[in-house]
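Colleague: please find the sequence and the predicted model below.
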There are 2 protein chains.
Amino acid sequence: MEKVTLNVLGMSCGHCVKAIEGSVGELPGVSNVKVYLESGKVDVEYSPTEVSLDKIKETIDDQGYDVN
Amino acid sequence: MEKVTLNVLGMSCGHCVKAIEGSVGELPGVSNVKVYLESGKVDVEYSPTEVSLDKIKETIDDQGYDVN
């Protein structure tokens, strides 16, 4: 299990939290995801053998946000 | 048919637009609703014999926004 903190632009409200935590949390291999609106950060705990960091970033991007 | 412009606080993203236009637009007696994110305004066209302005405001409030 690894833990990463992503910087995400454009998250502004409770719906954004739900959209990201919901979609990333549903990925197989992701065990935990937490959005911090104020700092624009997303903490993700995942198993690199099951899901790639690229896939996690792509999932956030697909919800309409910019990920660094 | 009447038209009113409401000032709504807390609308920040596309999800907010959808939440408000969806919920208000579903009210019987509402024929048109349009959210303007930049100005924080919501235009609503409604029939006062079918739906009250209070009910429209309450619906927006229920979605988690402050209406003036």
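Modeller: Now that the structure is in, tell me what you want to look at.
Colleague: can you name every helix or strand that the strand or helix carrying A:N32 contacts?
Modeller: Per DSSP states H and E, A:N32 falls inside strand A:30-36. When contacts are defined as 3 or more C-beta pairs under 8 Å, 6 or more residues apart in numbering or on different chains; DSSP states H and E, strand A:30-36 sits against helix A:14-25, strand A:41-46. All C-beta atoms are positioned from the backbone trio N, CA, C, and that covers glycine.
Colleague: figure out which of these is closest to chain B.
Modeller: The closest of those to chain B is helix A:14-25. By C-beta to the nearest C-beta, the value is 3.1 Å.
Colleague: touching the closest one from outside, list them.
Modeller: Applying C-beta atoms under 8 Å, 6 or more residues apart in numbering or on different chains, the contact partners of helix A:14-25 are A:8, A:10-11, A:30, A:32-35, A:37, A:42, A:44, A:56, A:59-60, A:62-65, B:13, B:15-16, B:19, B:64.
Colleague: show me what contacts the nearest residue to A:G10 once chain neighbours are set aside?
Modeller: Among residues not flanking A:G10 along the chain, A:Y65 sits closest, at 4.7 Å (C-beta to C-beta, 6 or more residues apart in numbering or on different chains). The contact partners of A:Y65, by C-beta under 8 Å, 6+ apart, come to A:8-11, A:16, A:20.
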